[in-house]
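Chemist: Predicted model follows, preceded by the sequence.
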Amino acid sequence: MTKTNPGNFFEDFRLGQVIAHATPRTVTPAFNVLYTALYGARFAVQSSDPFAQAIGYPRAPIDDLAVFHVVFGKTVPDISLNAVANLGYAECRFMHPVYPGDTLSAASEIIGLKENRSRKTGVVYVRSSGFKQDGTRVLDYVRWVMVRKRDEAAPAPGDRVPELRAAVEPTALGDACPPIDGAAYDLALAGSPHRWDDYALGDKFDHLDGATVEEAEHQIATRLYQNIARVHFDQFSQAQGRFARRLVYGGHAISIARALSFNGLANAFHIAAINGGRHVAPLFAGDTVFAWSEVLDKAALPHRSDVGSLRLRTVATKDRPCADFPYRNGGDYNEAVILDLDYWVLMPR
Amino acid sequence: MTKTNPGNFFEDFRLGQVIAHATPRTVTPAFNVLYTALYGARFAVQSSDPFAQAIGYPRAPIDDLAVFHVVFGKTVPDISLNAVANLGYAECRFMHPVYPGDTLSAASEIIGLKENRSRKTGVVYVRSSGFKQDGTRVLDYVRWVMVRKRDEAAPAPGDRVPELRAAVEPTALGDACPPIDGAAYDLALAGSPHRWDDYALGDKFDHLDGATVEEAEHQIATRLYQNIARVHFDQFSQAQGRFARRLVYGGHAISIARALSFNGLANAFHIAAINGGRHVAPLFAGDTVFAWSEVLDKAALPHRSDVGSLRLRTVATKDRPCADFPYRNGGDYNEAVILDLDYWVLMPR
Amino acid sequence: MTKTNPGNFFEDFRLGQVIAHATPRTVTPAFNVLYTALYGARFAVQSSDPFAQAIGYPRAPIDDLAVFHVVFGKTVPDISLNAVANLGYAECRFMHPVYPGDTLSAASEIIGLKENRSRKTGVVYVRSSGFKQDGTRVLDYVRWVMVRKRDEAAPAPGDRVPELRAAVEPTALGDACPPIDGAAYDLALAGSPHRWDDYALGDKFDHLDGATVEEAEHQIATRLYQNIARVHFDQFSQAQGRFARRLVYGGHAISIARALSFNGLANAFHIAAINGGRHVAPLFAGDTVFAWSEVLDKAALPHRSDVGSLRLRTVATKDRPCADFPYRNGGDYNEAVILDLDYWVLMPR
C-alpha cells in the first residue's frame, strides 16, 4: 500500500536535496492551440509560423507561460502536494526557446527550509529548472511554499532562508529570444504600432476586457500542465475546507492576465523573466478577471539593438474593472486584487 | 494610455477604408481535433486523411466554418468591438481549401455606412477576406453590424448601403473543392448512402439530436478563433446589461447546427458558400440547440460532373425539437428559432 | 425524410450481421494533448516521445483507452442510438499500437440477440473491432447493450446468448506492446520505483485523489470520440427523463479512474486487455470520482521477459473517498460505486 504517493511533508525535505521530477512531456503544436483556446492569447509570434520565421525564429515557439506551467506542474507531486499555500516566485528566467516537438522535464533543488512558529508547517524554498530533451536548461525559477508537517513533533529538517534577488538583472535577459529582424516585424499584423521606444516609465494601461473563469476551463488547463494538486479538482473534499470551493491554479490567473495585457502591450511578444509574483487572493470559478499594467523600468539589452526590455507590474483583480488602476491602499492590497506580478518582457525596438 | 485599443466607433469608419487585421494564425492539425471536440462533427472528409486523399484532397482540410470563424475573429478588434448587434452575412464564398499548417490572415474593406435615425448608432457594411500565407484568398464575405457612436453629435462618416446578392451564383461555387473521384467516395464510411442525385427540392430533414451549450464550451471555441468580443466572456459586465448573461458567439450556433445536420446530410462534405445568415435570437449557455434543414435549390456546377450543389436552409432552435420544422408564423419567426442560415453545400454525384 | 438516421431498433438486428461504421478518424498528436487535458494522465510512455523511443516504441503511442473510445464512438450510430442501457464489456484486447497519424475505423458483428420478457426491449451482443488505415486490427471487444424495440409486436430477430470468456488469457496479451528495453525504462521519470516484480496478489491501492466532473468536460471528451449518443448532450430531452440529467459517457469514468490510478500504478504503462466492465451506477456532472485498485492476478507473458502483466480490479466511486476500499456489501455494490473494471495491464520487469 506504500506504492501510493502521499506527497512529501515538511520534515521530508533536506537542504541541498535534488529531485528529478516525473513525467517528461512532449509539447506538440497542439499544445499551443489548446493554450490559445483557454486564454485567447493573440501575440503574433506564438500564433503564426510565418510571422515568427520572418523575424528570426525557426517557427512559432511555445508560449513562455505554458513552458512555465508544464515545468511547475511536474514539481507538484514532489514539492507541493501537501502545501497550504504557494507563497511566491523569484528569479524566474526563460533561458532557451521551446518549440513544438520539444520534450520538457524538470528537476528541483531544495535551497531553503524554515519551520513556522506553530511547528505545524514550514516554508520550503525550491529552485526548479526545466530542460529540453537534449539537456538544455530552458527555465529556472525559485518558489517558496508553505508545506504541512506529517508529525508536529518532528524536528525541523533545516533552518535557512535563501537570499533572493528583487529582480532579474537586464544582463540576464534575452537568452530565450533569438536575434530579431525588427524591420520584418509587421506592426499591423502584430496588432499595435508601438515599439519599445514608445513606452515610458510610469505608463499605465487598463487592459479593458474581463474574462470569467469556468470550472471546466481551469481544470482542463491545469490538467494540460499535468498539475494534479487536488485543491483544483476535488470539489467533494474542498466542500469541507476553508473556501468550500475548488481553488483555481494561480498560474491560470497569470495566463489570463497575460492574454488580457495584449490590449496595450501587443508587441511585448516574449516574457524574458519573472522577478516576483504574489497570489494576493484566491480565484474561483465564476469570478471575472480584469487587469492593468504599469511600466516599472526600461532597459536596453547588452549587445542587442533588436529588442529592448520593459519591466512591468501587471495587477489582476476579480469582479472589478481596472480603469482607476486598483493596487494598494496604504500597505494593504485593494480587496479586489488577486495577482501582483513583476516581470520583464521584450519588445522590438 | 492611448496604447489600449477601445475599438472603432461608427464615426471612425470611412467608405473605401481598408483594414489589415492583426494576428495571423497557423492552423495546425490540432485545430481540427479541438473543433471536433467542441461540435462533434463527423463529416469524413474533414475527419480522415485517407478518406480525403482517396477522393482527391492532398489531406483532410480544415473545416470550412472553422476557417470562417478564424477570419471573422480577426476582424472583431477593428470592426465590431463596439457593436450593438451583428445584423447579417451575405456573399460568403469559400475560394480555396485550407489545410493544416496553413496560416490565415484577414483584411476588410468598408463598403457601406448608414447612420441610424437615433444618431446613437450606425450600420457598418464590411467585406472581409481571409488569406493564406502565400496571399491566396481563401474566403470572402460581407457582414453588416450595428456599431455605437462615441459622440452622438459627430457627423455621419458616410451614407451608402451596398447592393448585395440574395444568393451566390452556382457558377461561383466549388473553388475550394478539388476535383473529386466520386467512385472512391465510400458511402458506408461517410455515413449515408445518399448522393446529390438523391436529394430533391423541398426535401426537409429533422436533424433529431439536441446539443446543450455550456459556458466553458462557447468560451473555449470563441477564444480558439481569437475572437475577443467581450460580450462572450465578461459575466461581470454582462450582468449589468440587457440579458444579464454572456452571449454565445453566433458562429458557435452555426457550427452546432452544421454538426447536427450530419444526420440527414452526411455527404454534404463541403460548404461552398453562405448566401445569408441571420441570428434571429440570442443563444445562452444552458440552452439546447436543435436544427432542421430544407433543400431550397439544386444546381449542377459548370464543367464539373463530380459534385453537385444543394442550396439549404438550416434553421436552429433552442429548447424545441424540430420534428414539425418550426420556422415562421406569417412574417415573424417562431419564438424558438435562433438561426436562419441559407447556404450552398457540395455533395458527390 | 428517410435520410435522417433514427438508429436501429432491436428488431432491426440479425445474427451474423456485419456493419461497417461511419467516419474514419485520423488521430493526430493533438488527440493525445486534448486527452491529457481532459483526464490529467501522466503515464510517461504516452506523454513523451523520447521516453517512448528509449524503451523501444517508434514514438509515444495514442492512449489505449482513447483508442477504445474512438472505436466505441463509431459504433454508436448503428448499435446503441436506441439503447436503454450499456450492460457490459468482455474479451477486449488491444492488438496493435496506434500512433499519432494513424486513421481508425470500426466494424461490428452481431453475435447475440435476446429479447427481454417485457418484449419492449432486447439485448444485443456485438463484437466490435477497430482497424488502422492499412487494415491492421488494433482492438477487438464484445459489448452487450439493451436496445428498445420500435414495435413491441415485432418478432424477436434471434435468440442467442454468446459464451464469453471471464478473462482474456495471458497468452493473448501484449500484441500492442513492442519489445521493451527495461534497462532504459527510467523509473524516476516514470514516477514510481516499482516494477512488475514488486507487486503481489491482493495488493490494494487507494488512488487518493478526487476528480469532479463538469458538463463541458464530459461533452468535449465524448465529442472528441465522435460519440453522439444523445443522452450525453441533450439536457432539454433528458430533463423529461428518468434522471432529469445528462448522463456522463461510461468511458469517461473509465478514463478518469485510469488517470487517478497513476498514483500507485505509475508503471502500468499499457492496458493490454479489458476482461469485463460494469457501469454500476450513472455518473453526472458535479460528482467527484475517486478510485482504488486491487491486484487480482499476476502473469508472465510467454516468450517475453521484458514486461509482465497484472490483472487489476479498479473500482470507482462518486463522492466517497476510497481509503477503505468500498466494493460490495454481500452481493450488492456499495452505494457509492459507479464502476467495476477488470483488466490486464503491462509493467516493465
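Modeler: Received it, and whenever you're ready, just let me know what you need. Residues are numbered from 1 along each chain as shown, chains lettered A, B, ... in the order given.
Chemist: Check which helices and strands the helix or strand harbouring A:Asp306 is in contact with.
Modeler: Using DSSP states H and E, A:Asp306 sits within strand A:304-318. Strand A:304-318 sits against helix A:250-260, strand A:270-279, strand A:288-301, strand A:337-348, with contacts defined as 3 or more C-beta pairs under 8 Å, 6 or more residues apart in numbering or on different chains; DSSP states H and E. Every C-beta, even on glycine, is put in place using the N, C-alpha and C of the backbone.
Chemist: Quick one: closest of those to chain C.
Modeler: For chain C, the closest of these is helix A:250-260, at 12.7 Å, according to C-beta to the nearest C-beta.
Chemist: What lies in contact with that closest one?
Modeler: Identification of contacts with helix A:250-260 by C-beta atoms under 8 Å, 6 or more residues apart in numbering or on different chains yields A:35, A:38-42, A:65-66, A:68-69, A:72, A:86, A:207-209, A:211, A:213, A:217-218, A:221-222, A:225, A:227, A:271, A:277, A:279, A:283, A:289-291, A:314, A:316, A:338-339, A:341.
Chemist: same thing but at 6 Å, please
Modeler: A:39-41, A:65, A:69, A:86, A:207, A:209, A:211, A:218, A:221, A:279, A:283, A:289, A:291, A:314, A:316, A:338-339 (C-beta atoms under 6 Å, 6 or more residues apart in numbering or on different chains).
Chemist: Give the buried subset of those residues as a ChimeraX selection command.
Modeler: Here is the ChimeraX selection string for the buried members of the contacts of helix A:250-260, based on 16 or more other C-beta atoms under 10 Å in any protein chain shown:
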select /A:39,40,41,65,69,86,207,209,211,218,221,279,283,289,291,314,316,338,339
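Chemist: Around chain C, which positions in chain A sit nearby?
Modeler: A:3-5, A:20, A:22-26, A:28, A:30-31, A:34, A:103, A:133, A:215-216, A:220, A:223-224, A:226, A:228, A:230, A:233-237 (C-beta under 6 Å from any C-beta of the partner chain).
Chemist: out of those residues, which touch chain B?
Modeler: The overlap between the residues of chain A next to chain C and the neighbours of chain B (C-beta under 6 Å from any C-beta) comes to A:30, A:216.
Chemist: Could you point out which residue ranges in chain A have low pLDDT?
Modeler: Applying pLDDT under 70 to chain A flags residues A:1.
Chemist: mind running it again at 90?
Modeler: Within chain A, the stretches with pLDDT under 90 are A:1-3, A:5-6, A:28-29, A:84-86, A:302-303, A:329-331.
Chemist: and the longest helix for it?
Modeler: Longest helix in chain A by number of residues, with DSSP state H as the criterion: helix A:64-79.
Chemist: in the next helix or strand after that one, what counts as buried?
Modeler: Using DSSP H and E, the helix or strand that follows helix A:64-79 in sequence is strand A:83-94. Buried residues in strand A:83-94, counted by 16+ other C-beta under 10 Å: A:83-84, A:86, A:88-94.
Chemist: and strand A:83-94, which strands flank it?
Modeler: Here strand A:83-94 is paired, per DSSP bridges, with strand A:137-148 (antiparallel), strand A:270-279 (antiparallel).
Chemist: Give me the contact list for the shortest one.
Modeler: In other words, strand A:270-279. Contacts of strand A:270-279 (C-beta under 6 Å, 6+ apart): A:64, A:88-90, A:92-94, A:167-168, A:173-174, A:177, A:250, A:340-346.
Chemist: one more time with 7 Å
Modeler: When contacts are defined by C-beta atoms under 7 Å, 6 or more residues apart in numbering or on different chains, strand A:270-279 is touched by residues A:64-65, A:86, A:88-90, A:92-94, A:141, A:166-168, A:173-174, A:176-177, A:250, A:254, A:309, A:338-346.
Chemist: again, but for stretch A:180-197
Modeler: A:42, A:44, A:51, A:54-56, A:266-267, A:306-308, A:310, A:347-349, B:3, B:20, B:22-24, B:105.
Chemist: What about A:Arg148, how many residues nearby?
Modeler: Residues contacting A:Arg148 under the criterion other C-beta atoms under 10 Å in any protein chain shown number 17.
Chemist: wait, isn't it in contact with A:Ser80?
Modeler: No: applying C-beta atoms under 7 Å, one finds A:Arg148 not in contact with A:Ser80, separated by 10.5 Å.
Chemist: Just the helices from the stretch 101-250 of chain A, written as ranges.
Modeler: Secondary structure of the stretch 101-250 of chain A, counting by DSSP state H, counting those that start in this stretch: helices at A:187-190, A:215-224, A:235-238, A:250-260.
Chemist: need the ones you listed in a markdown table with distance to B:Ala323, can you?
Modeler: Shown next, in a markdown table, are those (distance: least, C-beta to C-beta, whole Å):
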| stretch | distance to B:Ala323 |
| --- | --- |
| helix A:187-190 | 48 |
| helix A:215-224 | 31 |
| helix A:235-238 | 38 |
| helix A:250-260 | 43 |
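Chemist: Determine which of these approaches A:Arg160 most closely.
Modeler: helix A:250-260 (24.9 Å; C-beta to C-beta).
Chemist: can you list contacts of the very next helix or strand once past that closest one?
Modeler: Scanning forward in sequence from helix A:250-260 by DSSP H and E, the next helix or strand is helix A:262-265. Under the contact criterion C-beta under 7 Å, 6+ apart, helix A:262-265 has outside partners A:41-43, A:205, A:207-209, A:293, B:3-5.
Chemist: Can you tell me which of those residues end up in strands?
Modeler: Assigned to strands by DSSP state E, the following of the contacts of helix A:262-265 qualify: A:205, A:293.
Chemist: Widest-spaced pair of the contacts of helix A:262-265?
Modeler: Spatial extent of those (C-beta to C-beta) is set by the pair A:Ala41 and B:Lys3 at 17.9 Å.
Chemist: where does the stretch 1-150 of chain A come near chain B, residue by residue?
Modeler: Residues of the stretch 1-150 of chain A lying close to chain B by C-beta under 7 Å from any C-beta of the partner chain are A:29-30, A:33-34, A:36-40, A:42, A:44, A:47-51, A:60.
Chemist: so what's the backbone phi/psi at the closest residue to A:Ile110 other than its chain neighbours?
Modeler: Leaving aside its chain neighbours, A:Ile110 sits nearest to A:Gln17 (4.4 Å; criterion: C-beta to C-beta, 6 or more residues apart in numbering or on different chains). Phi and psi for A:Gln17, reported as degrees, to the nearest 10, are phi -60, psi 140.
Chemist: The closest residue to A:Ala107 other than its chain neighbours and chain B, how far apart?
Modeler: Leaving aside its chain neighbours, A:Ala107 sits nearest to A:Ala20 (5.0 Å; criterion: C-beta to C-beta, 6+ apart). Separation of A:Ala20 from chain B (C-beta to the nearest C-beta, to the nearest Å) stands at 29 Å.
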